[in-house]
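Q: Take this sequence and fold it.
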Amino acid sequence: MDLLQSRIRLDPGAAVRVTFDPYTSVLALACAAARDRLQGADSELSKVAARFSERGLRAVARLVTPGASVGPDCLSPAELGRDTDVASELGRLRGLTAGELHTDFQLTYGSSMPAQWERVAAAPKTWVRDFADALESLWAVVEPVWRREAALRSREADRVGSAAVRRALDIVLAQAHPRGRTENGILHFPDPEGVDLDATGKVAVLAPVLSRLDVSISNLERPDLIWLAYPVVVKGRETSHEADPAALDALLTPVRARLLRGLEGEQPMSTIATRLSLGASATTHHVDALMAAGLVTRRRDGRSMLVSRGARGNELIDLYERA
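A: Coordinates of the predicted model:
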């Protein structure tokens, strides 16, 4: 079943805050691992889920059941605009009373609580204890990985800062979300809730989580901010040299920046591949990413696929060439 789409109208001049949030990283990893385990996938993530007790796996599985994966607000960090500490967040969860959890369920689901969460609501303290235990067991092995990726998160903070200054936050978010795209200043991404939100005037809080996770988490209910957690970008071959964080290369990656700069008029995909010394699949990958960011367009002409800069791509090139 296809997920609904959430559409968030972003304020180009929004205040932006980047948080370093290991708690949400562990939460995202737990969800991805439980998802693969329940689907019977033979993956590294599925093996991660083997660390959970049976009770822990059931507790996390509540968040990845198709059609009912929206979790109660208590699972978000206590303060969405600040860095987190895993032990403190797990202590907070374990300290919630049954009354506080019932209130949270009512605020989250109202009169349309999914059946699986109704069962949790009957014994909320048991569920939250099992959930916290699962995350704690995972953090014991994830903490060294989190520390090793500190440089990735610092680079991502620089990239986000550059985008905010350049009023191009939507581009960063479209590239960061595993299945996101942007169009006319609106961020689109699959979401079981499928909300339409005008975030003008709200602070954007971004929480880069562990790399290589195909999971994103959001909290769009707050009146003062939007909160988005997404996998930190790994510096691969296309970003093998250090880029000035205020440059287009840092915003798009060097390969995509060169691709965008070199699009004078329409060009066949084969010409782009030759110009960038890339294979066909790699070229398609980078063009798809620029399309998701609303920077290029593509059309078929006979056997050729022609790519050209869109209006937003032209604006971005002009902006950086003036800088």
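
Q: Run through the bridge partners of the closest residue to A15 other than its chain neighbours.
A: Excluding its sequence neighbours, the residue lying closest to A15 (C-beta to C-beta, 6 or more residues apart in numbering) is V203, at 4.7 Å. Yep, even glycine has a C-beta here, placed from its N, CA and C like the rest. When bridges are called by DSSP bridges, V203 pairs up with L225.

Q: Please name the residues that touch V203.
A: A14, A15, V16, R17, G81, D224, L225, I226 (C-beta atoms under 8 Å, 6 or more residues apart in numbering).

Q: could those be laid out in CSV, adding distance to D318, neighbour count and pLDDT?
A: As requested, the contacts of V203 are exported to CSV (distance: C-beta to C-beta, whole Å; neighbours: other C-beta atoms under 10 Å; pLDDT from 0 to 100):
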residue, distance to D318, neighbour count, pLDDT
A14, 22, 19, 85
A15, 25, 12, 89
V16, 23, 18, 91
R17, 28, 18, 93
G81, 33, 14, 90
D224, 33, 10, 93
L225, 31, 17, 93
I226, 28, 23, 91
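
Q: from those residues, which is closest to A199?
A: Distance to A199 across these (C-beta to C-beta) is lowest for I226, with 5.0 Å.

Q: coming back round to it: for the contacts of V203, give me CSV that also has distance to R303.
A: Formatted as CSV, the contacts of V203 follow (distance: C-beta to C-beta, whole Å):
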residue, distance to R303
A14, 43
A15, 48
V16, 44
R17, 48
G81, 51
D224, 52
L225, 48
I226, 43
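
Q: Look up which helix or strand the residue positioned nearest the centre of the chain falls in, please.
A: Nearest to the mean C-alpha position of the chain, by C-alpha atoms, centre = their mean, lies Y230 at 2.4 Å. Element membership of Y230, judged by DSSP states H and E, is strand 225-231.

Q: I would like the residues contacting the next helix or strand after that strand, please.
A: Sequence order places helix 248-252 as the next helix or strand after strand 225-231, per DSSP H and E. Applying C-beta under 8 Å, 6+ apart, the contact partners of helix 248-252 are 155, 158-159, 162-163, 166, 168, 171-172, 175, 239, 243-244, 257, 260-261, 290, 293, 295, 316-317, 320.
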